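> Quick one: sequence and predicted model below, then my questions.
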Amino acid sequence: MVKEGVAKNQAALRQYAWIEQTNVLRKGEAKKTTYYQCQYGSDGTVQKVPTGGSPPPGQPRGIRGRVIERKTEELESHMQRAVALVKQYVPPNPEEMEADFQAGNASLGRGGPGTVQLQFRNYVKSGDSVVFTFDTAARALTHINVNTYMMIRTTS
């Protein structure tokens, strides 16, 4: 049922287009917002077309400008790594789910009325977890909850 639900949702997604919004926040302050028009291409990969975003703020000159530029580059690098990490979890991979289930890293439980949850431990990284919630009547995936981490090293 789980593999069937995931396959059904992935097939349905191939028919839709959506707007992806990425916000870069630092200490609670929005630094950059980007928007992409997204849809699946004929090769099965997500095609993204930039549709705009916030213009970069005016940069100070001199040493302060170079420090801000370096920090901005670091932040963009971190965001690219975070996006790459998220792509390892979403959309769910039925073969990976099956392998983890066979390895004993999966458990099944109730998520609430009419739902079942399938939890995977060590799905992509050691210590992470992914919980898929399925509506049993609709036989459809309704939620994905990912708990993972990313090591960030910054320079001062």
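Good, I have the coordinates.

> give me the low-pLDDT residue ranges for this structure?
1-3, 5-6, 24-26, 53-61, 152-156 (pLDDT under 70).

> how about the helices in the chain?
The residue ranges that make up the helices of the chain, judged by DSSP state H, are 2-13, 62-87, 94-102.

> mind checking which of the ones you listed is nearest Leu118?
Closest to Leu118 of the helices of the chain, according to C-beta to C-beta: helix 2-13, at 5.5 Å. From N, CA and C alone the C-beta is placed, and that goes for glycine too.

> any idea how far Ser77 lies from Arg70?
For Ser77, the distance to Arg70 under the criterion C-beta to C-beta, to the nearest Å works out to 11 Å.

> whoops, I mixed them up, Gly127
With distances defined as C-beta to C-beta, the gap from Gly127 to Arg70 amounts to 31 Å.

> what do you get for Leu85?
Here the distance between Leu85 and Arg70 works out to 23 Å (C-beta to C-beta).
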